[in-house]
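Trainee: Okay, sequence plus prediction incoming.
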Amino acid sequence: MKNIIVSKEDFLKTYKNKAYGYKAIKLCKKNKWLPTKSSKELASIIGRLMGDGNLSKDPMVGDFRFYGNRDKLDKIKKLLKEKFKLDLYKYYLHPKKGGYILKYNNAIFSRILELTGVPRGDKILKAFKVPNWIMKGDKKVKKAFLSAIFADEMGKISKRKSGGWNGLGFGMSKIEEKSNHLIYFLNQLRYLLKEFHITSSDVRLRKDSEYHRKDGNVTYQAVFEVHINRFNRERFYSKVGFDDEEKQKLLYMSVREPK
């Protein structure tokens with residue numbers, strides 16, 4: 001069948017005890033989770049989980065969560081309910097960083113998320129890439145993924161005091177031994193942007209971003225910037241943009257100013 005990402009056979013392979021697997025497949029059929037097909041809604045969720053979100057490192061645990069403000073999380077909650085019939089587990093204030101946490105606990109759907117390409121556990125420690133089904137997907141799928149991950153990880157545009165605009169820099173961090181994988185991932189994002197005729201700078205690893213974690217690992221940040229010229233801003237606004245009202249509004253202001 002066309003556009004299938006995860007088949008029932010793929011899903012069943014994740015279970016050592018096949019009896020449990022077949023029971024899970026029945027629930028998947030009821031909720032129309034399997035076979036899992038490519039969609040812009042799923043691409044958006046993948047973008048959020050690769051951005052500010054997180055999927056539990058333990059395959060036996062169904063925990064996955066999203067971080068942010070209420071507007072962003074309410075939008076994600078609505079999407080997961082309407083498209084995937086997922087009920088909220090917990091919604092609460094972030095105890096350390098401000099904002100909120102939107103938490104789900106569904107071990108079956110978590111297995112599907114992993115099979116679609118979402119990395120488990122601490123993303124800074126893991127090598128991952130944009131899933132092939134997104135890289136080879138249609139423009140709606142690519143746009144949904146990019147606008148979601150850019151909403152989480154790309155800096156908003158801002159007006160300089162002297163005129164002109166700054167911003168649209170994208171950065172993520174990874175432990176030193178995984179830095180080549182991070183550069184590859186960022187270049188995948190640039191490749192997708194290029195398909196929309198949006199240009200960007202080369203990816204560079206910032207050696208001045210060295211950070212020593214409590215677990216002993218050293219991390220570095222890799223970055224690139226969407227070119228800030230007016231034509232490029234207009235293309236970015238109309239073809240990709242941000243799945244974030246505030247960032248998209250600022251981007252709109254930058255393309256609406258008189259030439």
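Mentor: Looks like it arrived, so ask away.

Trainee: all contacts plus neighbour counts: C-alpha atoms, from now on.
Mentor: OK.

Trainee: how about the strands of the chain, start to end?
Mentor: 4-6, 36-37, 54-55, 63-68, 90-93, 100-105, 158-159, 165-166, 169-175, 204-212, 218-225 (DSSP state E).

Trainee: buried stuff in the first one?
Mentor: Along strand 4-6, these residues count as buried under the neighbour rule (16 or more other Cα atoms under 10 Å): 5-6.

Trainee: now the strands of the chain in TSV, with mean pLDDT and distance to residue 190?
Mentor: Output for those, formatted as TSV (pLDDT from 0 to 100; distance: least, Cα to Cα, whole Å):
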stretch	mean pLDDT	distance to residue 190
strand 4-6	97	23
strand 36-37	96	25
strand 54-55	96	23
strand 63-68	96	24
strand 90-93	95	34
strand 100-105	96	29
strand 158-159	90	21
strand 165-166	90	19
strand 169-175	97	10
strand 204-212	93	12
strand 218-225	97	8
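
Trainee: looking at these, which is buried most?
Mentor: strand 54-55 (a mean of 23; mean count of other Cα atoms under 10 Å).

Trainee: From the rest of the structure, what touches that one?
Mentor: Under the criterion Cα atoms under 8 Å, 6 or more residues apart in numbering, residues 49, 63-66, 110, 118-123 lie in contact with strand 54-55.

Trainee: Check stretch 137-155 too.
Mentor: 38-41, 43-48, 50-52, 134-135, 167-172, 189, 192, 239-244, 247.

Trainee: which residue packs closest to residue 221, ignoring adjacent ones?
Mentor: Spatial nearest neighbour of residue 221, excluding adjacent residues (Cα to Cα, 6 or more residues apart in numbering): residue 173 at 4.1 Å.

Trainee: Look up how far residue 155 lies from the one you found.
Mentor: 15 Å (Cα to Cα, to the nearest Å).

Trainee: Kindly report the same for residue 99.
Mentor: According to Cα to Cα, residue 99 stands 17 Å off from residue 155.

Trainee: Now do the contacts for residue 86.
Mentor: residue 80.

Trainee: mind redoing it with 10 Å?
Mentor: With contact set as Cα atoms under 10 Å, 6 or more residues apart in numbering, residue 86 has these partners: 31, 77-80, 104-106, 109.
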